[in-house]
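Peer 1: after the sequence you'll find the predicted model.
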Amino acid sequence: MKQTLDFIGKACPIPVVETKKALSQLKKDDIIEVMVDNSVAVQNLAKLATQKKLDIVSDKREEGLYLVTLTVTDVTELKEVAPDPVDCIPDASSGPTVVVLSSDKMGEGDEKLGRILIKGFIYALTELDKLPASVIMYNNGVKLAVEGSDSLADLKLLEAQGVEILACGTCLNHYQLTERLGVGSVTNMYHIVEKLSEAWKVIKP
């Protein structure tokens, strides 16, 4: 079977995430052709092929257009391997993971790029096998949770899957966005400190 996926115009990490999903349905000798429009996506697909032991051929058709062909050689590599069950006292590492978003951009430098990156980061959170317990937003980060935000749909998806979405009330008031909160609930600094102190892992992009 051959399947073609078109990710022209789709930003990272969508091409590799969606390709990984499609691979789980394939059998030996099946082929996926992936169309992308940037070399970063090609590199990410190459890493995926190495991880899953797939044959890969990359063909640059024209400037800004690539066709990446992945061939399944071993279906066992496409399945996620569950850890062996063990009988032991629960480890602290099984505690909650909290994601902190303090800005509506990711990193320093170009603001447009920063907004693209944070959108990709939040989308990637929705695809994790183990979701965080909470996403906390404060300062400029609360702008990600209001009506009109490019990330609102992904935050709603996280909430629907059981992730607690929290937005700093003081910050919403400061930016006059309280009435536009589109997902999650309003929280305060004491609750934020509690959540962070109880977390086993805090992720802050």
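Peer 2: Done, it's in. Numbering: from 1, shown residues only.
Peer 1: okay, now the unreliable bits of the protein?
Peer 2: Within the chain, the ranges that satisfy pLDDT under 70 run 75-94.
Peer 1: name the nearest residue to the spatially most central residue of the chain, sequence neighbours excluded.
Peer 2: For the chain, the residue nearest the mean C-alpha position is A124 (0.5 Å; CA atoms, centre = their mean). Distances taken as CB to CB, 6 or more residues apart in numbering put P13 closest to A124, at 5.0 Å, once the chain neighbours are dropped. Just so you know, the C-beta spots here come from the backbone N, C-alpha and C atoms, and that holds for glycine as well.
Peer 1: buried sites along the longest helix seen in the chain?
Peer 2: The longest helix of the chain (DSSP state H) is helix 111-126. Using 16 or more other CB atoms under 10 Å as the burial criterion, the residues of helix 111-126 that qualify are 114-126.
Peer 1: and for stretch 173-187?
Peer 2: Neighbour-count burial for stretch 173-187, counted by 16+ other CB under 10 Å, picks out 177, 181-184, 186-187.
Peer 1: show me the domain layout of this protein.
Peer 2: As assigned by automatic domain parsing, the chain contains the domains 2-78, 95-203.
Peer 1: circling back: helices or strands next to the longest helix of the chain in the packing?
Peer 2: Secondary-structure packing of helix 111-126 (3 or more CB pairs under 8 Å, 6 or more residues apart in numbering; DSSP states H and E): helix 14-23, strand 97-101, helix 152-160.
Peer 1: please export the C-alpha coordinates of the helix or strand where I32 lies as PDB.
Peer 2: In the assignment (DSSP states H and E), I32 maps to strand 31-36. Output in PDB follows, covering the C-alpha atoms of strand 31-36 (Å, rounded to 0.1, in the frame of the first residue of the first chain):
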ATOM      1  CA  ILE A  31       5.200   3.200   1.600                       C
ATOM      2  CA  ILE A  32       4.400   6.700   2.700                       C
ATOM      3  CA  GLU A  33       5.200   9.700   0.500                       C
ATOM      4  CA  VAL A  34       5.400  12.900   2.400                       C
ATOM      5  CA  MET A  35       5.300  16.300   0.700                       C
ATOM      6  CA  VAL A  36       6.900  19.200   2.600                       C
END
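Peer 1: got the contact list for that strand?
Peer 2: The list of residues contacting strand 31-36 from outside it, by CB atoms under 8 Å, 6 or more residues apart in numbering, reads 1-8, 10, 15, 19, 22-23, 26, 42, 45, 65-72.
Peer 1: what do you get for stretch 153-163?
Peer 2: For stretch 153-163, the external contacting residues (CB under 8 Å, 6+ apart) are 119, 122-123, 125-126, 131-135, 144-145, 149, 165, 182-184.
Peer 1: if we go to 6 Å?
Peer 2: Around stretch 153-163, the neighbours that count as contacts under CB atoms under 6 Å, 6 or more residues apart in numbering are 122-123, 126, 131, 145, 165, 183.
Peer 1: what does stretch 179-188 give?
Peer 2: By CB under 6 Å, 6+ apart, the residues outside stretch 179-188 that reach it are 145-147, 152, 155-156, 159, 165-167, 169.
Peer 1: okay if I get the helices and strands packed on helix 111-126 as CSV plus distance to I31?
Peer 2: Below are these laid out as CSV (distance: least, CB to CB, whole Å):
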stretch, distance to I31
helix 14-23, 11
strand 97-101, 36
helix 152-160, 30
